[in-house]
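Trainee: What shape does this take:
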Amino acid sequence: MATNSIPAVPSERTSDITFENHGSIVLIRGLSAAGQTWLDENVGDDETQYFGGAIAAEPRYVEAIAQGAIENGLEIA
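Mentor: Numbering: from 1, shown residues only. This is a model prediction of the structure:
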């Protein structure tokens, strides 16, 4: 008797942090526990602005934040 089975698809690693470009503002969200922890520990201060749970950053800061996340082994999108 033949069985039809669906081949296993290797799971792809999901991103830890995402950057949403909205022109004059970029929203930065932690998508995983590791990503959120890294953002909490490394990005912002008492004056950091949030929008819908995301960090609201000026575009000029995004490259440095993304590079820091990558250097710490996080996956970004």
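Trainee: quick one, what contacts the residue positioned nearest the centre of the chain?
Mentor: The residue lying closest to the centre of the chain (Cα atoms, centre = their mean) is Ile17, at 0.6 Å. When contacts are counted by Cβ atoms under 8 Å, 6 or more residues apart in numbering, Ile17 touches 28-31, 35, 38-39, 66, 69, 74-77. Glycine gets a C-beta too; all of them are placed from N, C-alpha and C.
Trainee: Skip the chain neighbours and tell me the closest residue to it.
Mentor: Gly35 (4.3 Å; Cβ to Cβ, 6 or more residues apart in numbering).
Trainee: can you list contacts of the helix or strand hosting the one you found?
Mentor: Using DSSP states H and E, Gly35 sits in helix 33-42. The contact list for helix 33-42 (Cβ under 8 Å, 6+ apart) reads 15-17, 28, 30, 55, 68-69, 72, 74.
Trainee: Show me what counts as buried in that helix.
Mentor: Neighbour-count burial for helix 33-42 flags 34-35, 38-39 (criterion: 16 or more other Cβ atoms under 10 Å).
Trainee: before we move on, which element is Ile55 in?
Mentor: Counting by DSSP H and E, Ile55 is part of strand 54-57.
Trainee: That strand pairs with which strands, and in what direction?
Mentor: As defined by DSSP bridges, the strand partners of strand 54-57 come to strand 26-30 (antiparallel), strand 49-51 (antiparallel).
Trainee: For it, list the C-alpha coordinates in PDB.
Mentor: Listed next in PDB are the C-alpha coordinates belonging to strand 54-57 (Å, rounded to 0.1, in the frame of the first residue of the first chain):
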ATOM      1  CA  ALA A  54       7.800  49.700  18.000                       C
ATOM      2  CA  ILE A  55      10.800  52.100  18.400                       C
ATOM      3  CA  ALA A  56      10.300  55.100  16.300                       C
ATOM      4  CA  ALA A  57      13.700  56.200  14.900                       C
END
